[in-house]
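> Sharing a sequence plus its predicted fold:
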Amino acid sequence: MTSYLVKGGNKLSGRVNISGSKNAALGVLAAAMAVDGPSVIENIPQVIDISLLLDIFRDLGAEVEMVGEDAVRIDPRTVTSSEALLESVRKLRGSYYLLGAFLGRFGKVRMYLPGGCDLGSRPIDLHIKGFESLGATFTMEENGVVSLEAKELKGASIFLDQVSVGATINIMLAAVHAKGMTVIDNAAREPHIVDVANFLNSAGANIRGAGTDVIRIEGSPHLAADMTYAIIPDQIETGTYMMMAPLTGGDITVENVIPTHLEPLSAKLREMGVTVEEGGDTIRCYMEPGAKLKATSFKTLPYPGFPTDLQPQAVVLLCGAEGTGRMIESIYENRFQYIDNLRRMGANIICSGKLAVVQGGNPLMGAPVEARDLRAGAAMVMAGLIAKGETKVQNVYPIQRGYENFVRKMRSLGADISVEGPEAVRPAW
Ligand code: EPZ
């Protein structure tokens, strides 16, 4: 098991280049399997989730080859079966995009229900409801196998009674092959949904409204590919590094970002007394001399609200702020599990249901903690940055699933962080 050892007390300062968005890449790569030709996808983060998905594509018979430092060429034409009964599918929640991609392309699909971070039940009922609206028949088989089949996919009006990133993308992946117009109402608006729609449109699809809560998809029987597409920068990686500046009293500029994607966080940081300066593709965060980091209240919401994937990091920031802060987690039913680790470090946090109340200003002490999931793992490292002594963040595999070159980037900003145990054995790209 690999651990990160973090010694607290350093101010983090400098410039850090942000990688491509893991969650956008998972959607766009699945879309590359839904079109009828090869495509080159650039700015893909070298993280375990992406390697796992590319290995699944290879096992399904697709041609997948590295064509550059962060680019991969995918040709799905060699995939002839619509079955994805691979054990690796169970480990990666993002593999569920194959449901929409294969249902659209083959008219049927059979695969294992996917797994994912331990953030509660995380059902896919909204995905299935969308596919059934398009004319598919859903069957839950034994051994966790789901199957969908449609004689013909027909455009439909679909209202998502809960905003869902995955369901919005998955329905889009099927609807591009349906006959006629599909309207997704109450759609998720995350930047990575726009990325998937832009990729599909560059392959000849006709999708309008991505990024708003109503997306219109005119089905087309043939989606020619043979193009190159670059993934957007990772807004969650960006926000994670942005918060490290005020947390440690440093001065960090994140590069290769889209500032508008970070507006929900930038607004809250300014509320807390942080100076946030936006450039064309950069954001600089620092505290003016004499400025104090003040607590505030957060509530996670679908985009453009405050992202749930920055919730654990923001709770650590509140631990370092003056006053009483509040975090309401409205997306997941149990995304506060990591807080018992912060308490072990001396944090004063009371949780009740969806609310966590953080009494800031308590000095944290280094302790052995666990990376419960991808974002909570990064938050544990952040807590170590301001803790007295050494914090051992154990089982960092979840962090390596979604943060590219995490240790190298942290060291480049001045963090005292070292690795104990084997480097993650990342499947070859
Ligand atoms: C995506 O998960 C992200 N993962 C998550 O990021 C992120 O936390 C989440 O969106 C919200 O922004 C990927 O993109 C691979 P949802 P997803 O469908 O699509 C409930 C990370 O750290 N729901 O928007 O699974 C669900 O249980 C990960 O990178 C249903 O009830 O999220 C949740 O409470 C963690 N039925 C809420 O909706 C469904 O059919 C939002 O889920 C689908 C979802």
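Yes, it's here. Because the structure is predicted, anything quoted here is derived from the model rather than measured.
> which ones are touching the closest residue to residue 132 other than its chain neighbours?
Spatial nearest neighbour of residue 132, excluding adjacent residues (Cβ to Cβ, 6 or more residues apart in numbering): residue 138 at 5.9 Å. Placement of C-beta: from N, CA and C, glycine included. Shown in contact with residue 138 (Cβ atoms under 8 Å, 6 or more residues apart in numbering): 128, 131-132, 146-148.
> rerun that using 7 Å as the cut-off
Residues in contact with residue 138 (Cβ atoms under 7 Å, 6 or more residues apart in numbering) are 128, 131-132, 148.
> the helices in the stretch 51-200 of the chain, which residues?
87-91, 97-106, 125-133, 165-175, 191-202 (DSSP state H, counting those that start in this stretch).
> elements contacting the second one?
If I follow you right, that is helix 97-106. Helices and strands touching helix 97-106, by 3 or more Cβ pairs under 7 Å, 6 or more residues apart in numbering; DSSP states H and E, are helix 22-32, strand 108-112, helix 165-175.
> if you set the cut-off to 10 Å instead, what comes out?
helix 22-32, helix 48-59, strand 83-84, strand 108-112, helix 125-133, strand 145-149, helix 165-175 (3 or more Cβ pairs under 10 Å, 6 or more residues apart in numbering; DSSP states H and E).
> anything in it near the ligand?
No: counting by Cβ under 6 Å from any ligand atom, no contacts exist between helix 97-106 and the ligand, the nearest distance being 8.4 Å.
> and the angle for that helix with strand 145-149?
Helix 97-106 runs at 30 degrees relative to strand 145-149, counting by axes from the mean of the first three to the mean of the last three Cα atoms, to 10 degrees.
> Pull the distance from helix 97-106 to the chain's centre.
With Cα atoms, centre = their mean, to the nearest Å as the basis, helix 97-106 stands 21 Å off its chain's centre.
> now the residue in the chain positioned nearest to the ligand: how far from residue 140?
Per Cβ to the nearest ligand atom, residue 166 is where the chain lies closest to the ligand, at 2.7 Å. From residue 166 across to residue 140, the span is 18 Å (Cβ to Cβ, to the nearest Å).
> Please list the residues of the stretch 151-300 of the chain that sit near the ligand.
162, 164-167, 188.
> Pull out the buried positions in stretch 285-297.
Within stretch 285-297, the residues scored as buried using 16 or more other Cβ atoms under 10 Å are 285-287, 293, 295-296.
> swap in stretch 33-48?
Buried-residue list, stretch 33-48, by 16+ other Cβ under 10 Å: 33-41, 43-45, 47-48.
> does that stretch come close to the ligand?
No: using Cβ under 6 Å from any ligand atom, stretch 33-48 never reaches the ligand; the gap is at least 10.2 Å.
> so for that stretch, what's the average pLDDT?
Regarding stretch 33-48, the rounded mean pLDDT is 96.
> What is the end-to-end distance of it?
Stretch 33-48 has an end-to-end distance of 19 Å (Cα to Cα, to the nearest Å).
> Run the chain-centre distance for that stretch.
16 Å.
> now do stretch 141-158
Between the centre of stretch 141-158 and the centre of its chain there are 25 Å (Cα atoms, centre = their mean).
> hmm, back to that, could the helices of the stretch 51-200 of the chain be laid out in JSON lines, adding mean neighbour count?
JSON lines is the format used below for the helices of the stretch 51-200 of the chain (neighbours: other Cβ atoms under 10 Å):
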{"stretch": "helix 87-91", "mean neighbour count": "16"}
{"stretch": "helix 97-106", "mean neighbour count": "26"}
{"stretch": "helix 125-133", "mean neighbour count": "20"}
{"stretch": "helix 165-175", "mean neighbour count": "28"}
{"stretch": "helix 191-202", "mean neighbour count": "23"}
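> can you list the ones you listed in TSV and add mean pLDDT?
TSV is the format used below for the helices of the stretch 51-200 of the chain (pLDDT from 0 to 100):
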stretch	mean pLDDT
helix 87-91	86
helix 97-106	96
helix 125-133	97
helix 165-175	98
helix 191-202	97
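> Need these in JSON lines (columns: distance to residue 387).
Shown next, in JSON lines, are the helices of the stretch 51-200 of the chain (distance: least, Cβ to Cβ, whole Å):
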{"stretch": "helix 87-91", "distance to residue 387": "32"}
{"stretch": "helix 97-106", "distance to residue 387": "38"}
{"stretch": "helix 125-133", "distance to residue 387": "40"}
{"stretch": "helix 165-175", "distance to residue 387": "33"}
{"stretch": "helix 191-202", "distance to residue 387": "33"}
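> Among the buried residues of stretch 285-297, which one sits closest to residue 91?
Nearest to residue 91 out of the buried residues of stretch 285-297 is residue 285 (Cβ to Cβ; 34.7 Å).
> ok, that closest one touching residue 249?
No: counting by Cβ atoms under 10 Å, residue 285 stays clear of residue 249, with 11.3 Å between them.
> Tell me the secondary structure at the most far-flung residue of the chain relative to its centre.
Of all residues in the chain, residue 290 has its C-alpha farthest from the mean position, at 35.2 Å, by Cα atoms, centre = their mean. Of the three states, residue 290 takes coil under DSSP: H, G, I helix; E, B strand; the rest coil.
> next one: phi and psi at it?
Backbone torsions of residue 290, given as degrees, to the nearest 10, read phi 90, psi -10.
> Quick check: it vs residue 249, distance?
Counting by Cβ to Cβ - residue 290 and residue 249 are separated by 12 Å.
> again with residue 232
Distance from residue 232 to residue 249, by Cβ to Cβ: 30 Å.
> Tell me which of those two has more neighbours.
residue 232 (21 against 15; other Cβ atoms under 10 Å).
> ok, that one - contacts?
When contacts are counted by Cβ atoms under 10 Å, 6 or more residues apart in numbering, residue 232 touches 18, 20-21, 23-25, 28, 43, 191-192, 194-195, 198, 257-258, 261.
> go again using 8 Å as the cut-off
Residue 232 neighbours (Cβ under 8 Å, 6+ apart): 20-21, 24, 43, 191-192, 194-195, 258, 261.
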